[in-house]
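Enquirer: fold the following for me, if possible:
(one chain, ligands or ions: 1)
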Amino acid sequence: MKLLIKGGRIVNPAKNMDEMGDILIEDGVIVAMGEVETTECLVLDAAGLVVAPGLIDMHVHLRDPGLEAKEDVASGTRAGAAGGFTSIACMPNTKPVIDNSILVEGLKQRAQSEGVINLKVIGAVSKGQEGKELAEIGDMAAAGAVAFSDDGRYVHSAGLLRTALEYTNMFDKVIISHAEDESLAGEGFMHEGTVSAMLGLKGRPAVAEDISTARDILLAEYTGAAVHIAHVSSKGAVELIRQAKQRGVKVTAEVTPHHLTLTDEAVRTFDTATKVNPPLRSEDHRQALIAGLQDGTLDAIVTDHAPHAFEEKDVEFRYAPSGFAGLETSLGVVLTELYHTGQISMTGIITAMAVRPANILRLDAGVLAVGKTADITLIDPEQLWTVDSSNFYTKGKHTPFEGRQLRGKAVAVLVGGTIIMRNGEVLA
Ligand code: DOR
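Expert: Model (predicted):
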């Protein structure tokens, strides 16, 4: 069966391409691009739409196995499709922790049977994410783990991280670091600053992130291995990463839509949907993140989609778990707050949400070209819509963007040439 995506604006940064055109797909593969004349095929009208390589979210918590009341492969991959993603990579802080090849393979199998988009698995750095003993990195790499992370926790032992970096370097994989020193941040509920002082809530200081980012960069530099700093939220970390990149250190970094667009002022409501690690920080930090994204210091935009069961979050602020759903709001928030305000171009968004994640995880994706698998996202940059978590596919119904009017949305997702999502509805 042939499918023609007709008359869209093809934004394909990996090929330096931003032009009007068509894409012809046959048997799940792109067979022609440009001005395509063909008959007898299904036509997807892309007039007024951006046609982009399938978006990739390289930082998602799927909660599967063991925490399925929060999320599972079926609900999480559907949420991904609804948000415009063709691939997501899931973190190993599950129950049990994904720290061996059997669990990696099990999750990949569930992705085949229950998932609707591509699912990539990130294995743990340490056994049980306890930071004491190295997990089975080689076995997990052989089983297809795309990266390694103790996300949710910082690897406090420099010695352990050094060994992990030396291992992952042999397999050409990256370590994703949750860079927050718990001895400084551990007991805090929000960013440490004026607002935390006024609210009487213990804070998580930015320096906890700066110190751990600096150490991780130094270890990457010493070992020659690649480190990726997760959910960067402090201006100090941005500057450290900028300088390290200038020195040629193999460091990459990501930033979330919430850290780019919200500050600790949002916590004044005591809404538990604003509680997240690392925390929403002050405006000076937010501005530094935007600048970091603009100059390429921050490579990728990720959601850190961290769903929790409703009743877990529906408690007093200090008792609520950190994190909230992000897959279904990410693109809309970025388009509304950064693209429509002129702070980032469409090419910049697609670079950060498809090209760079593919490069960092070494995926054969993030580019539209003849011969490539047809993983494609169609975006209506103008569509107005309102965030309503009761319509979410994810089980996580908390979001700090609830009720927000947004401008811009993914309107179709193709995975391997099959239309998985159309007008917000997941078809698989
Ligand atoms: O807020 C967060 N929640 N930050 C993390 O790093 C982990 C995540 C989770 O797993 O809930």
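Enquirer: for the nearest residue to Ser390 once chain neighbours are set aside, what are its contacts?
Expert: Spatially, and ignoring its direct neighbours in sequence, Ser390 is nearest to Lys397 (7.2 Å; Cβ to Cβ, 6 or more residues apart in numbering). No exception for glycine: its C-beta is placed from N, CA and C like everyone else's. By Cβ atoms under 8 Å, 6 or more residues apart in numbering, the residues touching Lys397 are Phe310, Ala325, Ser389, Ser390.
Enquirer: so which of these wins on neighbours?
Expert: Highest neighbour count within the contacts of Lys397, by other Cβ atoms under 10 Å: Ala325, with 30 neighbours.
Enquirer: what residues does this structure put near the ligand?
Expert: His61, Asn93, Asp151, Gly152, His178, Val276, Asn277, Asp304, Ala306, Pro321, Ser322, Gly323 (Cβ under 6 Å from any ligand atom).
Enquirer: look up the closest residue to Val155, ignoring the ones flanking it.
Expert: That would be Leu161: by Cβ to Cβ, 6+ apart, it lies 4.6 Å from Val155.
Enquirer: and the next helix or strand past the host helix or strand of the one you found?
Expert: For Leu161, the element it lies in under DSSP states H and E is helix 158-170. Next helix or strand after helix 158-170 toward the C-terminus (DSSP H and E): strand 174-177.
Enquirer: ok, and what's touching that next one?
Expert: 58-59, 122, 125, 147-149, 151, 154-155, 161, 164-165, 168, 212-213, 216, 225-230, 252, 360-361.
Enquirer: confidence score at the closest residue to the ligand within the stretch 1-150 of the chain?
Expert: Taking Cβ to the nearest ligand atom, the ligand has its nearest neighbour within the stretch 1-150 of the chain at His61, 4.5 Å off. Predicted confidence (pLDDT) for His61: 98.
Enquirer: report pLDDT for the residue nearest to it when sequence neighbours are not counted.
Expert: Nearest non-adjacent residue to His61, counting by Cβ to Cβ, 6+ apart: Ala306, 4.7 Å away. We have a pLDDT of 98 for Ala306.
Enquirer: mind listing what Ile241 touches?
Expert: Thr213, Ile217, Ile229, Val232, Val251, Ala253, Gly292, Thr297, Leu298.
Enquirer: okay, how far is it across stretch 48-62, tip to tip?
Expert: Taking Cα to Cα, to the nearest Å, stretch 48-62 runs 33 Å from one end to the other.
Enquirer: how far does that stretch sit from the chain's center?
Expert: 9 Å (Cα atoms, centre = their mean, to the nearest Å).
Enquirer: excluding sequence neighbours, find me the nearest residue to the most centrally placed residue in the chain.
Expert: Residue closest to the average C-alpha location in the chain (Cα atoms, centre = their mean): Val302, at 2.5 Å. Of all residues not flanking Val302 in the chain, His59 sits nearest, at 3.7 Å (Cβ to Cβ, 6+ apart).
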